[in-house]
Each structure stands twice: as structure tokens, then as C-alpha cells.
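In: sequence and predicted structure are below.
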Amino acid sequence: MNKYFKSIGLIFITLLTFSSCKEQNVEKEKEIVAVDVSAEKEAVAAVMKNYKDAVQNLTTEGTKELFTNEATVFESGGSEGTYENYESHHLGPELKAFDSFTFSDYKIDVKIDLPYAFTTETYIFTIGLKANEEKGREARNIKKKGVATSDLKKIDGQWKITKTHSSSRDVRNASH
């Protein structure tokens, strides 16, 4: 009988120890989850603003740091590959053909699901396209309605774009 009570006592102490450890782990997890979501949304929006501002300034300078090395870009139904490829073969050369690039009616929605964030941007963009005699093109303005979705990941305390997709269409008149 004495061995029986010792066994029950040992089991009881073991259960208390595991229960106590589990409560401490739960408290630690709660500490990790406590996040200022508003500040995280602002930080994500700042990354997207930095990218938008660079494009409006007709440069890609400083944009590579906003993306992960393996980030992928999709634009108007096509895959552009990595951001590095997109920057060197598409965006960079394209910006050189522009006199201006401006965004208007810009809105951004940010969702945080740590360590990820998801954005949806809507806007109207107006491009001042330079004339190109070789291509027989006169200078003109292009105005489009656009939308972009991007996935970001917080890496070493910094938000980085991992995937972005944008598309656009002609701006329709209000009478249609």
C-alpha cells in the first residue's frame, strides 16, 4: 500500500510540474504575440510608399532593398521573374522612356498576419511618354486605372516584398 501512495504522489508531482511548465510556455507565447498592429501596418505602408515614390521619381534606385532576393513580379497577366530581372529588363528601361509617372487616387489596404503582410493598392496612374523617332512615336500621355497586390514578410525586423502583382486598364468615363 505504501508503494501505491508513493507512485500516486510521484505521478501527482510530475503532473503539477508539466502543468506549470505548460502555463509558463503559454505565457511566453502570449508575450511573443503582443504586437502593435497599427505600427506594423504603417511600416508595411512605408515600404510600399518608398517603391511608389521611386517609380514617380523615374528611378529604381534603392528599390532592390525593398524586395527579397527571390521576390517574384507579375504584371498585367505576365510573369516578370525575380524583382532583379524585372528591374533590369523591364522597369528600368521603361522608366527611361517616360517624361513623368504620377499616381493619383491612391489607396492602400494592409492586412497583418505575422510574419506576413498583404497589401492591396488601387490608383490611377498617368505616364508622360517621350517621343521616339526610331519607333515613330509621338510624345503622349497614358492614363490607366491600376491595382496591385503584394505579399511581404518581416525578416530580421524589416518588411520585404516577396511577391507583387499589378494590372491596369483604361480609365472609363463616368458616363459609361
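Out: Good, I have the coordinates. Just so we're clear, the structure is a prediction, and the values are computed from it rather than from any experiment.
In: which stretches in the chain count as helices?
Out: 2-33, 37-56, 83-86, 92-96 (DSSP state H).
In: contacts for the shortest one?
Out: Translated: helix 83-86. T63, K64, F67, N69, A71, T72, V73, E75, E80, I161, T164 (CB atoms under 8 Å, 6 or more residues apart in numbering). Where you see a C-beta, it was placed from the backbone N, CA and C, and this is true even at glycine.
In: quick check: closest non-adjacent residue to G92.
Out: T60 (5.2 Å; CB to CB, 6 or more residues apart in numbering).
In: now do that neighbour against V73, distance only.
Out: 12 Å (CB to CB, to the nearest Å).
In: what does E61 give?
Out: 17 Å.
In: which of those two has more neighbours?
Out: V73 (23 against 8; other CB atoms under 10 Å).
In: where are the low-confidence patches of the chain?
Out: 1-33, 173-176 (pLDDT under 70).
In: residues contacting the nearest residue to A148 once chain neighbours are set aside?
Out: Closest residue to A148 apart from its sequence neighbours, by CB to CB, 6+ apart: S166 at 3.9 Å. Contact analysis of S166 by CB under 8 Å, 6+ apart lists F74, E75, S76, G146, V147, A148, T149.
In: so the first one touches D151, yeah?
Out: What it means is F74. No: using CB atoms under 8 Å, F74 is not in contact with D151; the gap is 11.2 Å.
In: shared neighbours, the two?
Out: K163, T164.
In: roughly how far apart are I127 and L66?
Out: 21 Å.
In: give me the more crowded residue out of these two.
Out: Ranked by neighbour count (other CB under 10 Å), I127 and L66 place L66 first, with 21 against 18.
In: my read: the more buried one touches Y51, true?
Out: Yes: counting by CB under 8 Å, L66 touches Y51, with 5.4 Å between them.
In: now list whatever residues contact both of those two.
Out: I161.
In: got a list of what the closest residue to K144 other than its chain neighbours touches?
Out: The spatial neighbour of K144 that comes closest, neighbours along the chain excluded (CB to CB, 6+ apart), is S168 at 4.0 Å. With contact set as CB under 8 Å, 6+ apart, S168 has these partners: S76, F125, K144, K145, G146, V147.
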